[in-house]
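Kindly return the folded structure for what I paste below:
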Amino acid sequence: MALFSQVGKYSNFGLFIMRAGIGAILIMYGLPVLTHPDKWTGMGEAMGNLRIHFWFAFWGFMSALTMTVGGLFCILGLWFRLVCLLLLFNFIVAAFFHLHSAGSLNERLNEASHALELCFIFFGFFFVGAGRLSVDKG
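Predicted coordinates for the structure are as follows:
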């Protein structure tokens, strides 16, 4: 369609908008957990689904740190592909946590849907890269 023929020129700006929006949401979710150590253990218990039953507070802290700093680096486009892999792992663990919780399959899928969506986003971002509007200019 001729109306949208010029939009392709701005694909790097589109990547920046996606990076900035998702990064800001990650910071908004991760920072309150990062600044409240009493929440780390609860978040870290998700690692039990991977048969890791120790250091729950450490894993919760690492998850919150990954979301907060990873969100910032996502916005900046700094070490973008590495950040995408770390966030992908983070949300795979979150998806497993929700899929192995109690309730019907429909309820569990509903709970896991946000984490699964972010898995696909960060897996795709890993291949696409940050674009030109990034600190790394990847």
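
By mean pLDDT, which helix or strand of the chain comes out lowest?
Each helix and strand of the chain was given a mean pLDDT (mean pLDDT, DSSP states H and E); the minimum falls on helix 40-44 at a mean of 90.

Tell me the buried residues in it?
For helix 40-44, a neighbour-count test (16 or more other CB atoms under 10 Å) marks 40, 43, 44 as buried. Yep, even glycine has a C-beta here, placed from its N, CA and C like the rest.

Next up, the contacts around the last one.
If I follow you right, that is residue 44. 55, 56, 57, 58, 59, 60, 61, 62, 63 (CB atoms under 8 Å, 6 or more residues apart in numbering).

now, which of those residues sits nearest residue 14?
Nearest to residue 14 among the contacts of residue 44 is residue 63, at 28.5 Å by CB to CB.

quick one: buried residues of the helix or strand containing residue 16?
In this structure, residue 16 sits in helix 11-34 according to DSSP states H and E. By neighbour count on 16+ other CB under 10 Å, the buried set for helix 11-34 is 15-16, 18-20, 22-23, 26-27, 30-31, 33-34.

what's the answer for stretch 4-11, then?
In stretch 4-11, counting by 16+ other CB under 10 Å, buried: nothing.
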